[in-house]
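Participant: Starting from these lines, generate the structure:
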Amino acid sequence: MSWPRALWLTGSVLFVTMVVHIAILVVTGDTWSGPVSLRKPVDFAEAGWLIAWSVALILPLLRTRPWQRHVIGGSVVLFAVGETAIMAIEAWRGVPSHYNFSTPFDAALMRGGAAGTAGVFLIGVVVLLVAALRTPGLTTSLRLGVVAGVVVLFVGCAVGFIMVSNNSGVFQGSIGGGFGNRAAAYLGPDAATVGPDYLVLRPATQGGDLLLPHAIGVHGLILLAVPAILLARTAVPAARQRRMVAILVTGVGLAMLLLLVHAFRRQPLDRLNPVELAVLALCAITALAGYVTVGVQLLRHLRRPGGVALSRG
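Facilitator: The predicted structure follows:
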């Protein structure tokens, strides 16, 4: 089986996993927030299937050697399935999945499992980036979208490692402070530090919130690479494709930069000033308009005689 097909299959399994957990949350009325919520496997399954399907679209476009395909494909499967499985195991046990070192089993899942698979995945991301930069023959818009998407993903992973190193997604001025704490306990932030939690929005943290830029980062491929790939399969002129992809890259990149600067200044989201809020709103509106335009152009292409759906080879 080729890696693209394996990634399509992996993504499909994770998609079903996500839907099943959402259904359980709805039926049981369980909490959607907090460190032991079943929403945790939902989050990771969602990110996992999107990454897997995105890489399945990207890989056939790149000139790669067999070892590169194995590293990229294998790291994606290990990360997506491994992280989701760990989140599900801990959530169904009713214990925190993040920053939990209460027992040797929990510590092994956190250090060897969650951190280990993320480390392997980061290697795969670097190999993917190098392949995207070195592949000849890509159009300007396609290369820009793919490279920018991988870079945003890389930054999102780096932010995740900062969170792991501090045992918290709330930045309070240090990096690596969590490595010195060897206590057998849950070492994550308390409820007062996190503040009200609305899925990925935590407006009143006691410090800068890294969760939102991390969430944007891990979706870098679906936000930038996939739209560029879909746009390249339409009849939109090359110059317009370049403009559209450049606008998307600028919007996503600017929003992520603004949120990271704000977080590293240890400021919660509810302290964004009016100018920053206006910039973020403009980025969101611009990106949404871009995605709608890509979708419309793709539908027009598929409705034309000879228009074909995406290959899964």
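Participant: distance of Leu153 from Ser54?
Facilitator: Between Leu153 and Ser54 the computed distance is 9 Å (CB to CB, to the nearest Å). C-betas here are computed from N, CA, C, even on glycine.
Participant: How about Gly94?
Facilitator: 33 Å.
Participant: Equivalent analysis for Thr31, please.
Facilitator: From Thr31 to Ser54 the distance is 30 Å (CB to CB).
Participant: These two: which has the busier surroundings?
Facilitator: Shown here are Thr31 and Ser54; by other CB atoms under 10 Å, Ser54 has more neighbours (26 against 12).
Participant: show me the contacts for the more buried one.
Facilitator: Contacts here follow CB atoms under 8 Å, 6 or more residues apart in numbering; on that basis Ser54 touches Gly149, Leu221, Ile222, Ala225, Val226.
Participant: so the fourth one touches Gly149, yeah?
Facilitator: Right, Ala225. Yes. Counting by CB atoms under 8 Å, Ala225 touches Gly149, with 3.2 Å between them.
Participant: Count the neighbours of the residue nearest to Tyr198 when sequence neighbours are not counted for me.
Facilitator: If the residues on either side of it in the chain are set aside, Tyr198 comes closest to Ser33, at 7.4 Å by CB to CB, 6 or more residues apart in numbering. The local packing of Ser33 (other CB under 10 Å) involves 13 other residues.
Participant: Correct me if wrong: Ser33 contacts Leu201.
Facilitator: No. Proximity of Ser33 to Leu201 does not meet the contact threshold set by CB under 8 Å, at 10.5 Å.
Participant: Which of the contacts of Ser54 ranks first by neighbour count?
Facilitator: Gly149 (30 neighbours).
Participant: tell me which element the residue nearest to Thr286 when sequence neighbours are not counted falls in.
Facilitator: Spatially, and ignoring its direct neighbours in sequence, Thr286 is nearest to Gly251 (4.5 Å; CB to CB, 6+ apart). Taking DSSP states H and E as the criterion, Gly251 maps to helix 238-264.
Participant: next SSE after that helix?
Facilitator: Toward the C-terminus from helix 238-264 - assigned by DSSP H and E - lies helix 274-303.
Participant: State the distance from the residue positioned nearest the centre of the chain to Val76.
Facilitator: Nearest to the geometric centre of the chain sits Val218, at 1.7 Å (CA atoms, centre = their mean). Separation of Val218 from Val76 (CB to CB) stands at 12 Å.
Participant: Give me the common contacts of these two.
Facilitator: Common neighbours of Val218 and Val76 (CB under 8 Å, 6+ apart) are Ile51.
Participant: Give me the three-state assignment for Ser138.
Facilitator: To be clear, residue 138 is Leu; Ser isn't right here. Classification of Leu138 using DSSP: H, G, I helix; E, B strand; the rest coil returns coil.
Participant: and the residue nearest to it when sequence neighbours are not counted, how many neighbours?
Facilitator: With sequence-adjacent residues excluded and distances taken as CB to CB, 6+ apart, Leu138 is closest to Leu61, at 6.9 Å. Counted with other CB under 10 Å, residues neighbouring Leu61 total 19.
Participant: For Leu61, give its distance to Gly149.
Facilitator: In terms of CB to CB, Leu61 sits 12 Å off from Gly149.
Participant: quick one: low-confidence ranges for the chain?
Facilitator: 306-313 (pLDDT under 70).
Participant: now do 80
Facilitator: 1, 111-115, 178-183, 199, 304-313 (pLDDT under 80).
Participant: Do you have the helices of this protein handy? List them.
Facilitator: Here the chain has its helices, by DSSP state H, at 3-28, 39-58, 66-93, 104-108, 116-134, 140-166, 191-194, 211-218, 220, 226-232, 238-264, 274-303.
Participant: Tell me which of those sits most buried.
Facilitator: Stretch with highest mean neighbour count among the helices of the chain: helix 220 (a mean of 26; mean count of other CB atoms under 10 Å).
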